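Visitor: Quick check, what structure comes out for this input:
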Amino acid sequence: MMALIGSPNRNMAASLDTLEISKRLRQAGFSEPQAEVVTAVLRETREFDLAQLATKADLTVLRADMALLATRADLALLRADMEKEIGLLRSEIGTLRREFEARTDSLKSDLLARIEAAKSDTIKWVVGIGFAQVAMIVALLRFFPGAHP
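Guide: Now for the predicted structure:
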């Protein structure tokens, strides 16, 4: 069949001479429809195969891309680093939480002390004003002795 297609020394980039192949097939005893079908199949096969081949440039790009990919060892190192960082972050969060709770407790104690002071000041003022009102009423009653029953 190689004799029908052409010599094996032909460059693969050369175009496929379907008319020549069809003529050779008819000379070898194929009918015209058979020769056309075989020629079409050869052309499709060649086009399909050439479309699927990788070029040197494709392989160079692929090698460059593969060099950028992380290996399992790289991923294991990354995982170990991340676990270490997560442990440090958890420790820092625990420290911050304890500091926050201590600060909150301190603020709460200070606030309760201020509330208690304000409460006692309020009681002093209320009692003082109450005594002032009683004193005022007594003074008014003394100025107007006949006004009360």
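Visitor: the domain parsing of this protein - what is it?
Guide: Following automatic domain parsing, one finds the domains of the chain at 2-68, 72-145.
Visitor: which stretch in those has the least confidence?
Guide: Note on the domains of the chain: domain 2-68 shows the lowest mean pLDDT, a mean of 76.
Visitor: chain center to that domain, what's the gap?
Guide: From the chain centre to the centre of domain 2-68 is a distance of 47 Å (Cα atoms, centre = their mean, to the nearest Å).
Visitor: Let me have the domains of the chain in CSV, adding mean neighbour count as columns.
Guide: Yep, even glycine has a C-beta here, placed from its N, CA and C like the rest. Below are the domains of the chain laid out as CSV (neighbours: other Cβ atoms under 10 Å):
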stretch, mean neighbour count
domain 2-68, 11
domain 72-145, 10
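Visitor: do you know how far Val70 is from Thr18?
Guide: Quick fix: residue 70 reads Ala, not Val. Here the criterion is Cβ to Cβ, to the nearest Å. By it, Ala70 lies 49 Å from Thr18.
Visitor: Which residue, other than its chain neighbours, is closest to Glu36?
Guide: Ser22 (6.2 Å; Cβ to Cβ, 6 or more residues apart in numbering).
Visitor: Summarise which helices and strands the helix or strand where that neighbour lies is packed against.
Guide: Here Ser22, judged by DSSP states H and E, is contained in helix 18-27. Taking 3 or more Cβ pairs under 8 Å, 6 or more residues apart in numbering; DSSP states H and E as contact, the helices and strands that helix 18-27 lies on are helix 2-5, helix 32-52.
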